[in-house]
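Undergrad: Need the 3D shape of this:
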Amino acid sequence: MNRFYTLLLLTFFAFTSVTAQKVDIEINIDNYMNDTLIVGNYYADRQLVKDTLIRKSNEKSFRLEADSLFESGVYIAITIPDHQFSQFIIPEDDQEFEIKMDYTNLSELKSSGSDENKLFYDYLRYLNKRRPENIRLQKELIDADSLGIDVAKINEQIDVLDLEILEYQEKLVTDQPTTITAALIAANFQVDIPKITEGTPAEIQAKRFRYYREHYFDNVNFNFPAIIRTPFLHDRIEYYMQKLNAPLPDSTIIAIDYILSKFTDNEEALKFYTSYFLNQYAQMKMVGQDAIYVHIVDKYYANGKAPWVKAETLAKIVDNANKLKPLLIGNTIPDVTTYEKDGTAIKIRDIEADYTVLVFWAPNCGHCKKAMPHVVKFNDEYLAKGVKTVSICTKGGEKFKGCWDSLEDKDMLRLHNTGDEFIRFQRKMFVTKTPKIIVLDKNKEIIIKDIPADKLSQVIDEIIRLEDAEKEIIEE
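TA: Below is the predicted model of the structure:
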């Protein structure tokens with residue numbers, strides 16, 4: 001082959017390769033007088049600004065340009081100042097096209113040069129075409145009695161309409177399985193629950209629920225590259241977490257592991273949701289939720305499954321989780337010693353009582369002052385029931401004297417008051433906020449913690465009731 005011709009071919013291929021890897025999207029909005037347009041994209045639970053486009057006075061269109069490709073997903077063009085928006089799709093490998101719309105009717109969009117957006121807009125037009133029919137039938141259903149219309153026939157027509165729309169959607173998903181449009185449609189398919197007849201009504205309902213939960217994500221492709229930049233993923237995950245799982249630490253942990261396990265080949269989404277769940281449970285909103293935080297750290301961060309975290313930050317996260325572990329519900333309280341005013345050592349694990357209530361407090365704590373009357377009243381009422389209440393002052397050093405000086409002022413003299421000038425218990429226990437209440441059983445396992453002082457009686461009564469009920473079952 002001629003050497004000049006070979007070089008020419010290489011130059012041509014290099015040129016086409018470079019020009020193919022760019023963004024050049026023309027957005028044409030009729031009847032829009034403002035010279036500014038914001039372009040953003042969906043990202044999990046938020047909408048991020050991608051660019052602010054300024055249209056020159058002599059130009060008709062806005063241009064979204066970049067020398068390297070954008071991440072694929074659903075994007076939005078936002079008008080100023082009213083913040084109306086229209087959606088468009090940026091595919092993974094085809095980012096040179098035109099979008100046309102009219103400011104007076106932003107729901108009517110057209111695209112040229114993009115098969116993905118043509119597919120998307122054709123689908124939206126189809127839904128808009130069928131919507132008036134659905135509205136008419138729904139209105140007839142409401143007015144059926146007054147108009148003397150047969151409800152059964154209306155429902156029949158609604159079923160036919162629903163079926164026709166579903167068939168259209170299923171065909172699109174089957175014919176165009178790799179498109180973002182298909183992913184959007186498929187993710188919103190309803191779970192088809194099989195008919196269940198065996199069991200009582202309650203049992204049938206429970207089986208239906210379990211089936212629905214197990215198949216809730218069947219049509220969601222968690223490893224689709226664009227899925228993190230769609231408007232549906234986060235809502236579906238939140239619904240699964242909040243509505244399809246009990247709000248208990250063990251159930252939440254199982255649900256989180258289940259969701260994260262689905263991102264087998266989607267590092268970006270895995271990174272986001274691992275961090276999202278960690279941050280969500282970094283601050284305990286319900287009793288016992290710190291166990292969720294510790295689990296996430298142990299399973300994902302401490303085991304090298306979060307390589308995006310800087311070493312210094314990772315060390316702090318792991319250290320924080322390690323400090324929380326000793327006081328997780330179900331654990332035996334750490335082997336610590338606290339001291340009475342005369343220096344008598346009190347080992348928490350050696351306290352003999354059916355239940356032990358530890359109250360950590362500080363002399364200068366305003367919340368402690370409000371809590372102590374409830375704690376003292378509780379102590380007076382429950383001491384004879386086998387419940388010992390031990391107060392532990394969290395101040396040490398020069399402030400340690402204030403632990404004893406403020407007892408009378410707070411009417412705490414009837415409590416079993418202790419402290420430690422050197423606050424050595426903090427080496428094994430992570431107590432950062434006061435008041436902090438921890439309830440132990442006779443084996444010194446943590447039953448519950450971080451409950452309000454005014455709920456102590458109610459909580460202990462329920463604990464005793466449940467334990468008595470368990471004893472009856474065992475005896476039977």
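Undergrad: For the rest of this, base every contact and every neighbour count on C-alpha atoms.
TA: Noted.
Undergrad: Report the contact partners of the nearest residue to Gly330 once chain neighbours are set aside.
TA: Spatial nearest neighbour of Gly330, chain neighbours left out: Ile446 (5.2 Å); criterion: Cα to Cα, 6 or more residues apart in numbering. Residues in contact with Ile446 (Cα atoms under 8 Å, 6 or more residues apart in numbering) are Leu327, Leu328, Ile329, Gly330, Asn331, Thr332, Ile333, Ile438, Val439, Leu440.
Undergrad: domain assignment for the protein?
TA: Structurally, the chain divides into domains by automatic domain parsing as follows: 20-113, 120-186, 201-327, 337-475.
Undergrad: element containing Val439?
TA: In this assignment (DSSP states H and E), Val439 forms part of strand 436-441.
Undergrad: Over whichever helix or strand comes after that strand, what's the mean pLDDT, rounded is fine.
TA: Using DSSP H and E, the next helix or strand after strand 436-441 towards the C-terminus is strand 446-449. Average pLDDT, strand 446-449: 95.
Undergrad: Strand 446-449 pairs with which strands?
TA: Using DSSP bridges, strand 446-449 pairs in its sheet with strand 436-441 (antiparallel).
Undergrad: For the partner strand, what does the pLDDT average out to?
TA: Averaging pLDDT along strand 436-441 yields 96.
Undergrad: Check what pLDDT Glu268 gets.
TA: On the pLDDT scale, Glu268 is placed at 95.
Undergrad: rewinding a little: dump the domains of the chain to a markdown table, plus distance to Ile193.
TA: Putting those into a markdown table (distance: least, Cα to Cα, whole Å) gives the following:
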| stretch | distance to Ile193 |
| --- | --- |
| domain 20-113 | 28 |
| domain 120-186 | 16 |
| domain 201-327 | 7 |
| domain 337-475 | 36 |
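Undergrad: With adjacent residues omitted, what lies nearest to Phe120?
TA: Nearest non-adjacent residue to Phe120, counting by Cα to Cα, 6+ apart: Thr181, 5.6 Å away.
Undergrad: pLDDT value on that neighbour, please?
TA: On the pLDDT scale, Thr181 is placed at 96.
Undergrad: what does Phe15 give?
TA: You'll see Phe15 listed with a pLDDT of 42.
Undergrad: Okay, helices next: where are they in the protein?
TA: Along the chain, counting by DSSP state H, helices occupy 3-20, 115-147, 151-175, 180-186, 201-214, 233-243, 249-261, 267-280, 290-296, 311-324, 366-382, 401-405, 456-475.
Undergrad: And the longest one, how far out from the chain middle?
TA: Going by Cα atoms, centre = their mean, to the nearest Å, the spacing between the C-alpha centre of helix 115-147 and its chain's C-alpha centre is 33 Å.
Undergrad: Buried residues in it, which are they?
TA: For helix 115-147, burial by neighbour count (16 or more other Cα atoms under 10 Å) applies to Glu116, Asn117, Lys118, Leu119, Phe120, Tyr121, Tyr123, Arg125, Leu137, Glu140, Leu141, Ala144.
Undergrad: partner residues bridging the closest residue to the third one other than its chain neighbours?
TA: Yep, that's Lys118 we're talking about. Leaving aside its chain neighbours, Lys118 sits nearest to Ser111 (5.7 Å; criterion: Cα to Cα, 6+ apart). In this entry, Ser111 is beta-bridged to Ile99, by DSSP bridges.
Undergrad: Please report the distance of Ser111 from Ile292.
TA: 47 Å (Cα to Cα, to the nearest Å).
Undergrad: Who has more neighbours out of these two?
TA: Just comparing Ser111 and Ile292: by other Cα atoms under 10 Å the higher neighbour count belongs to Ile292, 25 against 22.
Undergrad: List the contacts of that one.
TA: The neighbourhood of Ile292, defined by Cα under 8 Å, 6+ apart, consists of Pro249, Asp250, Thr252, Ile253, Tyr281.
Undergrad: could you redo the last one with a cut-off of 7 Å?
TA: Contacts for Ile292 were tallied using Cα atoms under 7 Å, 6 or more residues apart in numbering; they are Pro249, Ile253, Tyr281.
Undergrad: Please report the distance of the second one from Tyr300.
TA: Looking back up the chat, that one is Ile253. Distance from Ile253 to Tyr300, by Cα to Cα: 12 Å.
Undergrad: and if you look at the last one?
TA: Counting by Cα to Cα, the gap from Tyr281 to Tyr300 is 14 Å.
Undergrad: picking up where we left off before, show me what the strand holding Val439 is in contact with.
TA: By Cα under 7 Å, 6+ apart, strand 436-441 touches 354-361, 446-451.
Undergrad: rerun at 8 Å
TA: Strand 436-441 is contacted from outside by 333, 353-361, 446-453, using Cα under 8 Å, 6+ apart.
Undergrad: Now which of those would you call buried?
TA: 333, 353, 355-361, 446-451, 453.
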